[in-house]
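> below is the structure, and that's it, no one-letter string:
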């Protein structure tokens, strides 16, 4: 604390002058020499300790935090550095100073644009498993057990966490907006696209149900483009 430091320095400068004004205690030793120098040093040290303790208690009582007990009065001859340090480092005072020094951090910005509750109706229609694709590639689609409605779409060199998105075309769509990846599921095939790079990562990926649909479409006769029954002709 700046005030405490200034006060202590001032006391340290004034105490020696006060000690010199005190009459030194003169005593005779065994050799007959006086010990006035030692007595003066003892008096100076005692006065310094008392003055420092009094200054610290005065400053602590002035800036004490709420609900903090008042510092006990300093009694001459009963000053200890340990007791002074214990009082200055009172837990309540330390906690108040620490709280004043801490600056609250701003909340982290949300970067995940995924919905909290994905469309489960779309999620239930997504084909799962290992889907073979063209050129020998494959894509594995698995439901995320930790987040219902989300899917892990992965293959060689990529892994995406996707969620269902509604479309106006009827195609089933999964997205990972952060990565810019889109998984499109049609009736006869699926494909994986990288929108950031503008390319298809995998194409002609087929689940067994999609393979069956494609085969049924091929075996089903196509309607004639021209009416050969005569039903469309006007009467003669």
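Received it, and whenever you're ready, just let me know what you need. Source: prediction; values computed, not measured.
> contacts, neighbours, all on C-alpha from now
OK.
> now residue 128: how far from residue 219?
26 Å (CA to CA, to the nearest Å).
> check residue 143 too.
Residue 143 is 33 Å from residue 219, by CA to CA.
> ok, the two, which is more surrounded?
Neighbours per residue, other CA atoms under 10 Å: of residue 143 and residue 219, the larger number sits with residue 143, 21 against 8.
> tell me if I'm right that that one and residue 154 touch.
No: using CA atoms under 8 Å, residue 143 is not in contact with residue 154, being 11.6 Å away.
> Three-state assignment for residue 130, please.
strand (DSSP: H, G, I helix; E, B strand; the rest coil).
> again with the one 10 residues further on
Three-state assignment for residue 140 (three-state DSSP): strand.
> what's the neighbour count on the residue nearest to it when sequence neighbours are not counted?
Closest residue in space to residue 140, ignoring its immediate chain neighbours: residue 130 at 4.3 Å, by CA to CA, 6 or more residues apart in numbering. Using other CA under 10 Å, residue 130 has 17 other residues around it.
> and for the one 3 residues further on?
The local packing of residue 133 (other CA under 10 Å) involves 18 other residues.
> kindly report the same for residue 211.
There are 15 residues near residue 211, going by other CA under 10 Å.
> do the one 3 residues further on as well
By other CA under 10 Å, 15 other residues sit near residue 214.
> where's it, which helix or strand?
Secondary structure assigned from DSSP states H and E places residue 214 in helix 208-219.
> contact partners of that helix?
187-189 (CA atoms under 8 Å, 6 or more residues apart in numbering).
> confirm residue 121 sits in a helix?
Yes: according to three-state DSSP, residue 121 belongs to a helix.
> show me which helix or strand of this protein is least confident by mean pLDDT.
None of the helices or strands of the chain scores lower by mean pLDDT, DSSP states H and E than helix 81-88, at a mean of 45.
> for residue 148, helix, strand, or coil?
Reduced to three states by three-state DSSP, residue 148 is coil.
> show me the contacts for it.
residue 118.
> local confidence estimate at it?
Looking at residue 148, its pLDDT is 93.
> check residue 196 too.
pLDDT, read off for residue 196, is 92.
> and the residue nearest to it when sequence neighbours are not counted, what does it touch?
With CA to CA, 6+ apart as the criterion, residue 196 has its nearest non-adjacent residue at 5.5 Å, and that residue is residue 180. If you count contacts by CA under 8 Å, 6+ apart, residue 180 has them with 194-196.
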